[in-house]
Each structure stands twice: as C-alpha cells, then as structure tokens.
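quick one: sequence plus predicted model below, questions after.
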Amino acid sequence: MKKNVRYILLTWILIGIFVFASGCDLWIKTNDGKVDLNWYMKLTYEENGTDKNYTVEDGEEIAAVALEKDYSEDFGIIVDKEAFINIDTVVNEIDERFYWDKKENKVLFTNAVQVYETNVGENVIYGAQSENTGYAISLVENGKCYVNLKFVARFVDIDYRVTEHKTGVPYIINVNYDSGQKAYMNTTKDIEMRTKGNYQNLIVTQLKKGTKVAIIETGKNWNKVKTEEGYIGYIPVKRLEDKKTETVKRKNDDSQYTHILSKTRISLAWNQIYAQSGNDNIDDLLKNTKGINVLSPTWFSLTDKNGNLSTLADLNYVEKAHKKGIQVWALVNDFTDKKLTKTVLTSTGLRHKLVNNIMYFLNSYELDGVNIDFEYVTEEIADSYLQFLRELSIQCRNEKKVLSIDNYAPSQWSGYYDRKQQMKLADYIIIMNYDQHTGGSKEAGSVSSLPWAEQSIKDTIHETGDAGRIINGMPFYTRIWKETPEADADGSGVYIEDSVDGNYYLSSEAVGMKTAEKAYKDAGVKPALDSQTGQNFVTYSKGKSTYMIWLEDSTSVRARLELMERYQLAGAAYWALGQDKDSIWKDIASYFE
C-alpha cells in the first residue's frame, strides 16, 4: 500500500513538472479553429448578410495589405508579380504627396523641387526628363487607382515583401514605412498566432520556433505582433524571448523644403481693392499707420474655367510700397464661383495654368510674394487644393517669392484643409482669426472674442507644430447688432424663438472702428470691459430695438498682440486697412520696433 502511494505521489510530481514546463497550457481550453483569412485580412465584403470575396480582372490576384499595425481596409493587387496598392492607402499611410487626377487619369508625385507626372497604365515618368521605368506604374480597377510599390519606393524610403498565396492563404503585401524605435522578439516554441489575445479566439497561422516578429502592441499576457510574411495577430507573452530594439531611420527630403522668412516679425495689412482706382488711395491709407512691413492688396481672382485670373494690379502701387520699405504679397482668391474652384483644382492641366498665371503676375509686377485666400475648398477637393499648393510652392521657391496661405480658425469642419501639410509647403500660414459670429449667426456676439482667438492660435500650433511661421489675423471691423421684438420688426434679419423674453429678429452690420465709435457716442453711452470676451462692450436702445457692439479698439488690439508675444508667433495681420482708427497704430508699432 505504501509503495502504491509513493508511485501516485511520484506520478503527480512528474505531471506537475511537465505542466509547469509547458506554461500550464494543458489546463487552458483552446480553440483549434482557423480563421477565414480572406475575412480576417479584409478581403471580403458583406452583401445581403453574406460575406463575399472581392474579385479582380483575369490575370490579376487579390492581395491583403499588411500595414505597420493592421491590415488595410483597401486590398492590393498582384499583376505579373508586381505589387499594387490603393492610392488612398499610399496617401493616408505612407506619403500624402502622391495624387490621382481622376479627370485626366494621371498619377503624380510632387516633392519640394519637381512634379513627376505619369499616365495611368503607362510606364513613363514625365519630369525634367522623361524616363521609361519598364513596369506599369499604376492601374485603375472598379473606379479605384492602384499604384505600383516600385514607383512609391522610388520616392519614399519603404520596404515591402510579397508572400505568395497558397491553399487557404491569400497573397500578402507586407509594407514597412515608419521610422523610430521598433522592438523585435523570437518565438520560444511552435505556437499559434490568434486573432485576439485569448486562447478561445481563432488561429491566424502556425509559427515555428525561432520566428522573428515585430512587436506592435504589448499586453500583460499577449502581444500583438507582425511577421516578416505579413501575418498580424496575437502571441502569448511567455512564448516570446530575446527582445531587441532597433532604431529605424528612414530617409526623407524634408531639408529640401526651404522657406523664405523675414528676420523681423511680419506686420501685414490687407488692403481691400474693389476697382483699379482703389490703388490710388494707398498714400492716404498709409499716412497715419505705423509698423506695417507687408501689404496684401486683394488684386487677383480666379475668374474662369481655364485657370485665368482677373487683375486689379498696379505697378505704381508696388513701387510706392517698396519706397516705404514695405513688401507686397498680393492676394489671390477663389470667390467667383464654388464650381469654378472645383473645376480648376481637380484638373492637372488647369492647375498648371493657374500656377503659371500666378507666377506671371508675381514677376510682372515685381511682387515679393503671394497670399492665397481660397475659401471655396470643400472636403471633396481638399486633396486637389493641397496639390495646387504643392505645385505653386515649387515655383515660389524657385523664384524666391514668399508663399502665405490664409486659413479659417480651426474647427471641426475645417480640419480637411490640413494645416500641417500647408506648413511644410508655405513660408507662412495666416489664421483668419475672426468671424466667430457672422451676419447669419443666431446670437449676437463678438467677431473674435479673446478666449476664442487664443484657442484658435493654440489649435493651429498644435496642428502645425511651428508657431514661428504662424501669423495671427485680427479684425479691424466689428458688428453692430440689432435685436427687435417680433411685433415691432420689419421681418429683416434672423428670426429667433425665445420662450422666455419673446421672439425677435436679429440683424447686424459689419463696420469699421470709427463707425462703431460714432454709433455709441451718438447714443450717449460709454464702453465697459466685458470680462468674458476681453473686449469693451456697449449696449443701448433706439425705439423698440436693442443695439450691442463688441468693440475693436486699442484694448482689443493690444490684447491680440499680447497673444502674438505669448505664443511667439511670426507676426500679425489686419483685416483691413481703412477700417482702423489712427490711435491704434502707436500700439501696433510698439510690438514691431
């Protein structure tokens, strides 16, 4: 009996040792099922509740695209052993400077010095010199453009590998493009990679002992990893060893994006010109100003579908400004027609004409720079707008002309303007830090309260990462708000329903500093500081209407210039000459001495 007990104890000890050595896997309920890799690698779509595989033309093969951390939502294509991936994937994940012109069926790559142009389906790159690559650069499939990774790798430092398909396993294109610290480990034994960090999840693939994997995410018990073949999934932490960290340094051409910068802060005044005769007023407008070193007259407008510009330019104006030591960055706008903006920007040929026309005027009128004020850019054509800026920036860089770009104050809806990319291309970005409240607003308020303006600056710095090339645009205008009870109103303005005080109509008029001052003085009231907006405020009544003005004056001007100082911005810009009071220029000049 004692001998049997000893045998039983010895057996349990041996089992315990075996279980400990195996990491207790014997006691874990595991799922032996294998995942459908087409579904897992995002090569299927759902139709009427059923998963279906994407298909391509004969002679082509579907491929999963393994990005740095996950599989792309857009599949790749293998043609004659060449790997093609969706251009949206290239732009969003690898390099945003690739561009597909859907109208002219071209694929472009634009760096700091050159536009490389190709026709879809062809082998030739058109640049300073034409070059036959010997391979198809791009193709279009089901209305989507796919780019050969050989073409991408020509301009961007990436590496990629194609894993051949086999039964139950699709082609996999594994692409690596990120720089920075990367950790790698090896598997300690033959092990299953799973779809999630749990033994109950399905198996992605079997990995042999010693398989090298890149660590994507670390966890307490499971790590998310990627193999060199492009399999992405989860491995138990205890089944990984020999962690090594490598610094991946990929080449870039950032140093080629040079910028023309002033040695002193920019003090820019926009000069709104309505007719050619408006140029004759420049001496009177500047007579009592101080501290201005740049003028931006509103001279050029996109005027037709051929990329032509209307012009109010005047060489005499430029000569007068230069004699005063003031640079001229003429403004180009797209205010003619929203459809016109889309037509021109989405066509490579028309963009080239527009850029050439801008450069022609910059040189013909001896201008120091250009100020781009395109406000009809929708999210649909945002990529085309950026391509326009890329192409224009090359010419400005070559001709030593300053490129400045006007932007709305950051908001949820204007993020597609992509200020980070603009900052790479432009010498200066200008925040149009006004129109917080407009003529169509449903409440009266400041055109640019100080807290709102400061947040715009902070958001722009956060997005661009370079406060030293941001110019804060500030208003010289305000609005006189008029609130009239419904019963006494003439029906003009915005109708406001107010269950507490009664319904009313709200209207406003944009006015300069002098007009606003005259209005409240005529009403016999004095301004008081509004702590919420940081501005002087007045309110008064006329008849049945109540009037309100958040003033632009020396108080608000100094406060905005203090923001420039606090955030170490490149300067300030003022909308617009003629809306100012003489008294503010002493305040402005003190910040630009």
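Structure received. Numbering: from 1, shown residues only.

chain center to stretch 232-248: distance?
Distance of stretch 232-248 from its chain centroid, counting by CA atoms, centre = their mean, to the nearest Å, is 34 Å.

swap that for stretch 409-420, sorry
For stretch 409-420, the distance to the chain centre is 6 Å (CA atoms, centre = their mean).

which parts of the protein are helices?
Applying DSSP state H to the chain gives helices spanning 2-21, 37-40, 87-89, 149-155, 282-286, 315-323, 338-345, 348-364, 382-399, 419-425, 450-464, 513-522, 554-566, 584-590.

any chance of those in CSV, plus mean neighbour count, distance to Asp253 and mean pLDDT?
C-beta coordinates here come from the backbone N, C-alpha and C atoms, glycine included. Output for these, formatted as CSV (neighbours: other CB atoms under 10 Å; distance: least, CB to CB, whole Å; pLDDT from 0 to 100):
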stretch, mean neighbour count, distance to Asp253, mean pLDDT
helix 2-21, 10, 53, 56
helix 37-40, 17, 36, 97
helix 87-89, 19, 20, 98
helix 149-155, 19, 8, 98
helix 282-286, 15, 41, 97
helix 315-323, 16, 34, 98
helix 338-345, 19, 24, 96
helix 348-364, 18, 21, 98
helix 382-399, 21, 13, 98
helix 419-425, 20, 11, 97
helix 450-464, 19, 19, 98
helix 513-522, 17, 47, 98
helix 554-566, 18, 32, 98
helix 584-590, 17, 39, 97
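
what's the closest of those to Tyr434?
Nearest of the helices of the chain to Tyr434, taken as CB to CB: helix 450-464 at 8.1 Å.

what angle separates the closest one from helix 554-566?
Orientation check (axes from the mean of the first three to the mean of the last three CA atoms, to 10 degrees): helix 450-464 against helix 554-566 gives 20 degrees.

before we move on, the earlier item: of the helices of the chain, give the one that comes closest to Leu309.
The nearest among those, by CB to CB, is helix 348-364 at 5.1 Å.

what's the closest one packed up against?
On a contact count with 3 or more CB pairs under 8 Å, 6 or more residues apart in numbering; DSSP states H and E, helix 348-364 meets strand 300-302, strand 309-311, strand 327-333, helix 338-345, strand 369-373, helix 382-399.

please repeat the previous calculation with a cut-off of 6 Å.
In terms of contacts (3 or more CB pairs under 6 Å, 6 or more residues apart in numbering; DSSP states H and E), helix 348-364 is packed against helix 382-399.

quick one: contacts for Asn519?
Let me fix one detail, which is that residue 519 is Ala and not Asn. Contact partners of Ala519, counting by CB atoms under 6 Å, 6 or more residues apart in numbering, are Ile480.

swap the cut-off to 7 Å and go again
Ile480, Ile549 (CB atoms under 7 Å, 6 or more residues apart in numbering).

gap between it and Asp435?
20 Å (CB to CB, to the nearest Å).

over to Val56?
From Val56 to Asp435 the distance is 48 Å (CB to CB).

got it, and Gln272?
15 Å.

please apply the same query to Thr533.
Where Asp435 is concerned, Thr533 sits at a distance of 15 Å (CB to CB).

these two - which one has more neighbours?
Between Thr533 and Asp435, counted using other CB atoms under 10 Å, Thr533 has the larger neighbour count: 21 against 17.

number of nearby residues for the residue nearest to the more buried one when sequence neighbours are not counted?
Nearest non-adjacent residue to Thr533, counting by CB to CB, 6 or more residues apart in numbering: Ser449, 3.8 Å away. Neighbour count for Ser449, taken as other CB under 10 Å: 19.

residues in contact with stretch 584-592: which ones?
So stretch 584-592 is contacted by Arg265, Ser267, Asn288, Thr289, Lys290, Gly291, Ser554, Val557, Arg558, Leu561, Met564 (CB under 7 Å, 6+ apart).

tell me which two of those sit farthest apart.
Most distant of these, by CB to CB, are Asn288 and Met564, 21.8 Å apart.

flag the shaky bits of this structure, pLDDT-wise.
The chain contains residues with pLDDT under 70 at 1-28.

quick one on the thing from earlier: now the helices of the chain as CSV including distance to Ile496?
Formatted as CSV, those follow (distance: least, CB to CB, whole Å):
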stretch, distance to Ile496
helix 2-21, 75
helix 37-40, 53
helix 87-89, 43
helix 149-155, 54
helix 282-286, 38
helix 315-323, 44
helix 338-345, 28
helix 348-364, 42
helix 382-399, 34
helix 419-425, 34
helix 450-464, 21
helix 513-522, 22
helix 554-566, 26
helix 584-590, 33
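
can you tell which of these is closest to Glu73?
Comparing the helices of the chain by CB to CB, helix 87-89 comes nearest, at 8.0 Å.

quick one: contacts of the closest one?
By CB under 7 Å, 6+ apart, helix 87-89 touches Val65, Ser72, Asp74, Phe98, Trp100, Val107, Cys145, Tyr146, Val147.

residues near the fourth one, how many?
Number of residues near Phe98 (other CB under 10 Å) recorded here: 24.

again with Ile62
19.

repeat for Glu497
Neighbour number of Glu497 under other CB under 10 Å is 9.

residues contacting Ile232?
Contacts of Ile232 by CB under 7 Å, 6+ apart are Ala66, Asp70, Tyr71, Lys226.

from the residues you listed, pick the one nearest Asn123.
Checking those one by one against Asn123 (CB to CB), the nearest turns out to be Ala66, at 27.1 Å.

phi, psi for the nearest residue to the closest one once chain neighbours are set aside please.
Distance criterion CB to CB, 6+ apart; nearest residue to Ala66, sequence neighbours excluded, is Gly230 at 3.6 Å. Taking degrees, to the nearest 10, you get phi 100, psi 10 for the backbone angles of Gly230.

give me the neighbour count for Gly230.
23.

I'd assumed Asn176 was in contact with it.
No. Here Gly230 lies out of contact with Asn176, judged by CB atoms under 7 Å, at a distance of 9.9 Å.

so what's the closest residue to Tyr146 other than its chain neighbours up against?
Distance criterion CB to CB, 6+ apart; nearest residue to Tyr146, sequence neighbours excluded, is Phe84 at 3.8 Å. By CB under 7 Å, 6+ apart, the contact list for Phe84 reads Gly76, Ile77, Leu139, Tyr146, Val147, Asn148.

tell me the spacing between the first one and Val147.
When CB to CB is applied, the distance between Gly76 and Val147 equals 10 Å.

what residues do these two have in common as contacts?
Phe84, Ile85.

coming back round to it: list the beta-bridge partners for the residue nearest to Tyr146.
With DSSP bridges applied, Phe84 shows beta-bridge pairing to Ile77, Asn148.

quick check, distance from stretch 220-227 to the centre of its chain.
32 Å.

give me the contacts around that stretch.
Contacts for stretch 220-227 (CB under 7 Å, 6+ apart): 66, 197, 207, 211, 213-217, 232-237, 240.

give me that answer again for 8 Å
Residues from elsewhere that reach stretch 220-227 (CB atoms under 8 Å, 6 or more residues apart in numbering): 66, 68-69, 174, 185, 193, 196-198, 205, 207, 211-217, 232-238, 240.

just the buried residues of those.
66, 68, 174, 185, 193, 197, 205, 207, 211, 213-216, 232-236, 240 (16 or more other CB atoms under 10 Å).

with that, I have no additional questions.
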